[in-house]
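S.K.: this one's structure only:
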């Protein structure tokens, strides 16, 4: 960064509680004129020594303020996806955060829940709007693999009511993606097996490990939000993954809904492009000899989770008594 000299000396600007190293200009980061490819098609499709992870969360509790895992994606060193699964919610989802997470009800809810959701939606809008608007309304909420004509043909038999619930068989047969989700415990175990003895890469990994309830040795964690040369690009504070992708890779991401696979690929590409300098700095600081965990299963997040479940249990009991 070059400064123009003026006749007067400008007053120094001081930053409290900021590492001076973060304020130094970063000379080893080169901005690409052309967008960098995130996936190396010639690379292997299997697991590698380094893997990058990114998770999508949905909101639970009051106004969806607390987060639980909804999707986890893992890519290898070549940017190829080796793991991508939706997770069944363990609590009632109050905010899917679709605008950011890209998660909709059909991704993580069971077929029975979706049948009821679809039935209620049809009952509410029957007779109030034309079938074309009904089709658009439902297609926005739940993924359909059918055309409007197919929907219209399947919709007619569903107008019969049995105790207020529509006969949805012909229509529900056309709805896809019901069984893509899996139980949290299964996903957690599979992800832990992948992480074992590997270096994990990601952006703000503490958030991902927190919702996964997993820990990992700090010496085997490469977090792009903590890497000092990257933080220098944001005046010492943690940069967003979107900014790093734009400045370093000349690539635009997260323009709308987030894609966990794409985010993981970006984090991996950022690491691989700066791998030598990154590992050299870790070695000089003694990071590779650290035995502490980046996140542990007996951390504060676990205790908070237990307190929240106890609180929910007490509220439900109180509601039952009032009834």
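M.R.: Received, thanks. These numbers were taken from a predicted model, which means no experiment stands behind them. Numbers count the residues shown, from 1 in each chain.
S.K.: so, low pLDDT: which residues of the stretch 1-150 of the chain?
M.R.: Along the stretch 1-150 of the chain, the parts satisfying pLDDT under 70 run over 1-35, 106, 108-129, 134, 137-146.
S.K.: again, only this time at 80
M.R.: 1-36, 99, 101-102, 104-150 (pLDDT under 80).
S.K.: can you show me the helices along it?
M.R.: 98-101, 105-108, 111-125, 131-141, 148-155 (DSSP state H, counting those that start in this stretch).
S.K.: what residues does the first one touch?
M.R.: By CB atoms under 8 Å, 6 or more residues apart in numbering, the surrounding residues in contact with helix 98-101 are 56-58, 70-71, 104, 256-258. (Each C-beta comes from the backbone N, C-alpha and C, glycine too.)
S.K.: just name the closest of those to residue 286, please.
M.R.: Checking the contacts of helix 98-101 against residue 286 with CB to CB, the nearest one is residue 57 at 33.4 Å.
S.K.: which residue is the nearest non-sequential neighbour of that closest one?
M.R.: residue 67 (3.9 Å; CB to CB, 6 or more residues apart in numbering).
S.K.: run through the bridge partners of that neighbour.
M.R.: Residue 67 has these beta-bridge partners by DSSP bridges: residue 59.
S.K.: measure how buried it is and give me the count.
M.R.: 19 (other CB atoms under 10 Å).
S.K.: one more: the one 10 residues further on?
M.R.: When neighbours are counted by other CB under 10 Å, residue 77 registers 21.
S.K.: who's in contact with it?
M.R.: 43, 48-51, 268, 272.
S.K.: name the nearest of the residues you listed relative to residue 317.
M.R.: residue 51 (43.0 Å).
S.K.: okay, now the domains of the chain?
M.R.: 42-103+181-306, 111-172 (automatic domain parsing).
S.K.: now distance to residue 313 too, for these, in a markdown table please.
M.R.: Shown next, in a markdown table, are the domains of the chain (distance: least, CB to CB, whole Å):
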| stretch | distance to residue 313 |
| --- | --- |
| domain 42-103+181-306 | 11 |
| domain 111-172 | 22 |
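S.K.: of those, flag the one that's most buried.
M.R.: Mean neighbours per residue, mean count of other CB atoms under 10 Å, is largest over those for domain 42-103+181-306, with a mean of 18.
S.K.: quick one on the thing from earlier: the residue nearest to residue 57 against residue 56, yeah?
M.R.: No - judged on CB atoms under 8 Å, residue 67 makes no contact with residue 56 at a distance of 9.7 Å.
S.K.: follow-up on the earlier one: can I get the contacts of helix 98-101 in TSV with distance to residue 218?
M.R.: Below are the contacts of helix 98-101 laid out as TSV (distance: CB to CB, whole Å):
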residue	distance to residue 218
56	24
57	23
58	28
70	26
71	25
104	36
256	34
257	32
258	26
